[in-house]
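1. 3D, please:
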Amino acid sequence: MEILIIGAGCPKCKAVEKLVKEVVEELKISANVSHVYDIKEFPKYGVKITPAIVINGEIVIEGKIPSKEELKKILV
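-> Numbering: from 1, shown residues only. Now for the predicted structure:
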């Protein structure tokens, strides 16, 4: 599973990245988690509002920090 955190590095974007890594570890999911900081790259993923989470090329969260439970449902 390829998980991208899309955001320029604001506190919300960093919080989403931390949350995603925690949930991936808790659920023992095999995933590559990376963060795209370059604003010029955001349109390439279709992201209009950050923070965003893109899983295997599909935007699953955009413009908010999901709850841990919401994220678990998405990742399972």
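2. In three-state terms, label the residue sitting nearest the centre point of the chain for me.
-> Residue closest to the average C-alpha location in the chain (CA atoms, centre = their mean): Ile53, at 2.8 Å. Judged by DSSP: H, G, I helix; E, B strand; the rest coil, the three-state class of Ile53 is strand.
3. thought it was touching Val23?
-> No - between Ile53 and Val23 no contact is recorded; they are 10.5 Å apart, counting by CB atoms under 8 Å. Just so you know, the C-beta spots here come from the backbone N, C-alpha and C atoms, and that holds for glycine as well.
4. shared neighbours, the two?
-> Counting by CB atoms under 8 Å, 6 or more residues apart in numbering, the shared contacts of Ile53 and Val23 are Leu71.
5. Strands of the protein, residue ranges please.
-> Along the chain, counting by DSSP state E, strands occupy 2-6, 32-36, 52-55, 58-62.
6. who are the neighbours of the helix ranked longest in the chain, in terms of helices and strands?
-> The longest helix of the chain (DSSP state H) is helix 11-27. Packing contacts for helix 11-27, counted by 3 or more CB pairs under 8 Å, 6 or more residues apart in numbering; DSSP states H and E, involve strand 2-6, strand 32-36, helix 68-75.
7. can you list the ones you listed in TSV and add distance to Ala15?
-> Formatted as TSV, those follow (distance: least, CB to CB, whole Å):
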stretch	distance to Ala15
strand 2-6	10
strand 32-36	12
helix 68-75	11
